[in-house]
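Asks: Predicted model, plus sequence, below.
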Amino acid sequence: MTPIQYSALSKLIVDAFDAREEIDKDSKYWNDKSVDLVRAEIKDHYIDDQHFKCVYCDREIVTANKSLWDAEHVISREKAARFMFTPRNLAVSCRDCNIAKGQKEVRTTTRQQFPDESRHYTIVHPHFDNYADHIRWVGDICVPISDKGETTQFVCRLTRFTAQLLGVSGVLDDPGFDRYVGELFKAKTKADAKAALAAVSTYVEDIPQA
Ligand SMILES: [Zn+2]
């Protein structure tokens with residue numbers, strides 16, 4: 001992914017914020033009227049750069065209607081306002097993923113300077129990781145293939161698509177179904193596939209009916 005390069009006017013606003021004392025970096029400044037231009041620029045850049053795909057659920061939203069996209073701070077601005085305009089802390093996501101992720105901590109480090117390596121994050125990072133190395137989708141079922149994939153599934157509640165598929169509301173707190181489908185997908189022998197299929201079927205049977 002290509003980090004945003006701010007226009008001259010936006011850069012003035014961003015630089016002024018970055019020059020503030022730590023204590024004066026208020027996360028609420030994001031919604032200030034004077035930041036309208038910067039926010040719009042950020043959305044335009046990342047919607048285009050991500051080819052209309054959410055960085056967490058990989059779903060395509062083919063619209064330039066910016067209100068359907070959320071500017072996403074990988075490290076939430078409530079957790080660290082100082083990274084509010086850091087290009088590599090920014091992306092766009094769908095509203096559902098953004099709401100699910102909320103203000104959850106996704107760093108593995110407490111360092112003050114910007115964490116700029118993959119290992120500094122517990123989730124798949126849009127700038128430092130390759131999505132396909134961590135999450136695979138089998139239709140609407142999220143199949144994590146790494147620890148980061150699993151954490152992202154949890155943090156962004158990516159089992160919500162499976163829940164819909166199975167006709168249960170909300171998300172599945174236990175991502176068992178996705179895991180078993182993952183096993184099925186990886187099965188090399190007929191016996192493995194049969195065992196995985198049985199597990200999927202048992203799991204579905206055990207879902208409490210409303
Ligand atoms: Zn999403």
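Replies: Happy to help now that I have it.
Asks: Run through the strands of this protein in chain order.
Replies: Secondary structure of the chain by DSSP state E: the strands cover 69-73, 90-94, 135-138, 141-144.
Asks: As CSV, those with distance to the ion, mean pLDDT and mean neighbour count would be great.
Replies: C-betas here are computed from N, CA, C, even on glycine. Output for the strands of the chain, formatted as CSV (distance: least, CB to the ion, whole Å; pLDDT from 0 to 100; neighbours: other CB atoms under 10 Å):
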stretch, distance to the ion, mean pLDDT, mean neighbour count
strand 69-73, 9, 95, 21
strand 90-94, 3, 97, 25
strand 135-138, 12, 92, 17
strand 141-144, 11, 91, 23
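Asks: Pipe those into CSV and attach distance to Tyr29 per row.
Replies: Converted to CSV, the strands of the chain look like this (distance: least, CB to CB, whole Å):
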stretch, distance to Tyr29
strand 69-73, 13
strand 90-94, 15
strand 135-138, 33
strand 141-144, 34
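Asks: right, and the ones you listed - which one's nearest Pro115?
Replies: Closest to Pro115 of the strands of the chain is strand 69-73 (CB to CB; 13.0 Å).
Asks: got the angle for the closest one vs strand 90-94?
Replies: Relative orientation of strand 69-73 versus strand 90-94 (axes from the mean of the first three to the mean of the last three CA atoms, to 10 degrees): 140 degrees.
Asks: What strands flank strand 69-73, and is each parallel or antiparallel?
Replies: Sheet pairing of strand 69-73 (DSSP bridges) gives strand 90-94 (antiparallel).
Asks: so Glu22 touches Arg82, yeah?
Replies: Yes. Using CB atoms under 8 Å, Glu22 makes contact with Arg82 at a distance of 6.6 Å.
Asks: What parts of this protein come near the ion?
Replies: Taking CB under 5 Å from the ion as the criterion, the chain approaches the ion at residues Cys54, Tyr56, Cys57, Cys94, Cys97.
Asks: how deep is the second one tucked in, by neighbour count?
Replies: It refers to Tyr56. Burial measure for Tyr56: 28 neighbouring residues, criterion other CB atoms under 10 Å.
Asks: Looking at it now. What's its pLDDT?
Replies: Tyr56 carries a pLDDT value of 98.
Asks: Please apply the same query to the one 5 residues further on.
Replies: With respect to pLDDT, Ile61 scores 89.
Asks: for the one 5 residues further on, same thing?
Replies: Each residue has a pLDDT score; the one for Lys66 is 81.
Asks: can you check Ala210 too?
Replies: Listed pLDDT for Ala210 reads 61.
Asks: Over to Asp174?
Replies: In this prediction, Asp174 carries a pLDDT score of 78.
Asks: Pull up the gap between it and the ion, please.
Replies: Note on Asp174: its distance to the ion, by CB to the ion, to the nearest Å, is 21 Å.
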